[in-house]
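Engineer: here you go, sequence then predicted model.
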Amino acid sequence: MRSACIIFAYMKEISWGFIGCGEVTEKKSGPAFNEVAGSHIEAVMSRSEKKARSYAERHGIHKWYTDAQEIIDDPDVNAIYIATPPAAHATYAIMAMRAGKPVYVEKPLAATYDDCVRINRVSGQTGVPCFVAYYRRYLPYFQKVKEIIRSGKIGKVMTFQLRFSCPPRDLDYHTKEKQPWRLQTNISGGGYFYDLAPHQLDLLQDFFGVITRAHGYCVNRGGLYGPEDTVSAVLQFEDGLSGSGSWCFVGHESAKEDRIEIIGDKGTLSFSVYDYAPIVINTSEGEQSFCIPNPPYVQLPIIKSVIEDMQGIGICTCDSVSATPTNWVMDRILGKL
């Protein structure tokens, strides 16, 4: 994959075409593309003409499309950002790479591990890179967590516990025909677990290496929709470190939790993935906490890294190869593999 970037080392000006213009593009990612030197948004595409036109007008984008092939074929577009539900990621990424245009795709990389393999195969065949929006790796908050782990402040890491619980959302009570795409497994890949677990699992692998064994138990306890709403898993990394994870998307408000606790032989480290609660260290010396603010656009650090990689002045490690193990882990937990 790294050799692919040599081909694009001289792309000094990146002209992006967006496939998809949903909520994530409004503030988390979209504006960041215009914040990096040598990068701008050239065109946007949505299957809905109303959405594409509205997004383009509100964000000062000159061109909009309703057909993915047309935006990929636009000679003024030389890179593609895919911000659609996961089931479409592989198709659009492969279309773009075969057209010689590097890709930045939202997480997870695809709706299945098998689709991730397809993306990697085409990237290797074409020499065109595909990057993935696991942007939390690049945020100062999680960089601090990684620094603490590597500093040895909590000693040798012995195990970890991931706990996530939230009450049902209002949309969860809708009829099947009106439920959000995240609950339609043919579109999302696997309910809320497939939407929220990727960032958590990717961070753990960024800290500790690749997960090589994963076993899960998935049930639907609430009966509000079809996919699993409660998941328990046991994970083991390549160096033997093991730990557990639990996810409940129908818990009571009083049980709401977003926490990963890393247990060492000299102390513990706890942090959240979505709430950005203070990072807390407990050792024999007492308790320390750190509050780390986010940048205005949370994807700006990773987007800057992606662009600099494509310009040949840096390296972004968050490519499709590094993102694939997360899909493998999720598919193992859900019994898809």
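Structural biologist: Here it is on my side, so go on.

Engineer: all helices for the stretch 201-337 of the chain, in order.
Structural biologist: Here the stretch 201-337 of the chain has its helices, by DSSP state H, counting those that start in this stretch, at 300-310, 320-333.

Engineer: oh, that last question was meant for the stretch 51-200 of the chain, not what I typed.
Structural biologist: 68-73, 89-98, 113-126, 140-151, 185-188, 191-208.

Engineer: mind checking which of the ones you listed is nearest residue 297?
Structural biologist: When those are compared by CB to CB, helix 140-151 sits nearest residue 297, at 13.5 Å. In short, each C-beta sits where N, CA and C put it, glycine included.

Engineer: returning to what we had before: can I get the helices of the stretch 201-337 of the chain in CSV including distance to residue 249?
Structural biologist: Shown next, in CSV, are the helices of the stretch 201-337 of the chain (distance: least, CB to CB, whole Å):
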stretch, distance to residue 249
helix 300-310, 26
helix 320-333, 14
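
Engineer: mind checking which of the ones you listed is nearest residue 225?
Structural biologist: Taking CB to CB, helix 320-333 is the member of the helices of the stretch 201-337 of the chain nearest to residue 225, at 18.1 Å.

Engineer: which helices and strands does that closest one pack with?
Structural biologist: Helix 320-333 is packed against helix 113-126, strand 130-132, helix 191-208, strand 211-219, strand 230-237, with contacts defined by 3 or more CB pairs under 8 Å, 6 or more residues apart in numbering; DSSP states H and E.

Engineer: can you list those in a markdown table and add mean neighbour count, distance to residue 319 and mean pLDDT?
Structural biologist: As requested, the helices and strands packed on helix 320-333 are exported to a markdown table (neighbours: other CB atoms under 10 Å; distance: least, CB to CB, whole Å; pLDDT from 0 to 100):
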| stretch | mean neighbour count | distance to residue 319 | mean pLDDT |
| --- | --- | --- | --- |
| helix 113-126 | 18 | 8 | 97 |
| strand 130-132 | 29 | 5 | 98 |
| helix 191-208 | 22 | 12 | 98 |
| strand 211-219 | 16 | 18 | 98 |
| strand 230-237 | 19 | 20 | 98 |
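
Engineer: so which of these gets nearest residue 166?
Structural biologist: helix 191-208 (8.5 Å).

Engineer: CA atoms only: put the closest one into CSV for me.
Structural biologist: Provided in CSV are the C-alpha atoms of helix 191-208 (Å, rounded to 0.1, in the frame of the first residue of the first chain):
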residue,chain,number,x,y,z
GLY,A,191,-27.1,-2.5,13.6
TYR,A,192,-25.8,0.1,16.1
PHE,A,193,-22.9,-2.3,17.0
TYR,A,194,-21.5,-1.9,13.4
ASP,A,195,-21.8,1.8,13.7
LEU,A,196,-20.3,2.5,17.1
ALA,A,197,-18.0,-0.4,17.8
PRO,A,198,-15.6,0.4,14.9
HIS,A,199,-14.0,3.4,16.6
GLN,A,200,-13.6,1.6,19.9
LEU,A,201,-12.0,-1.5,18.3
ASP,A,202,-9.8,0.5,16.0
LEU,A,203,-8.4,2.5,18.9
LEU,A,204,-7.7,-0.6,20.9
GLN,A,205,-5.8,-2.0,17.9
ASP,A,206,-3.9,1.3,17.5
PHE,A,207,-2.8,1.0,21.1
PHE,A,208,-2.1,-2.8,21.3
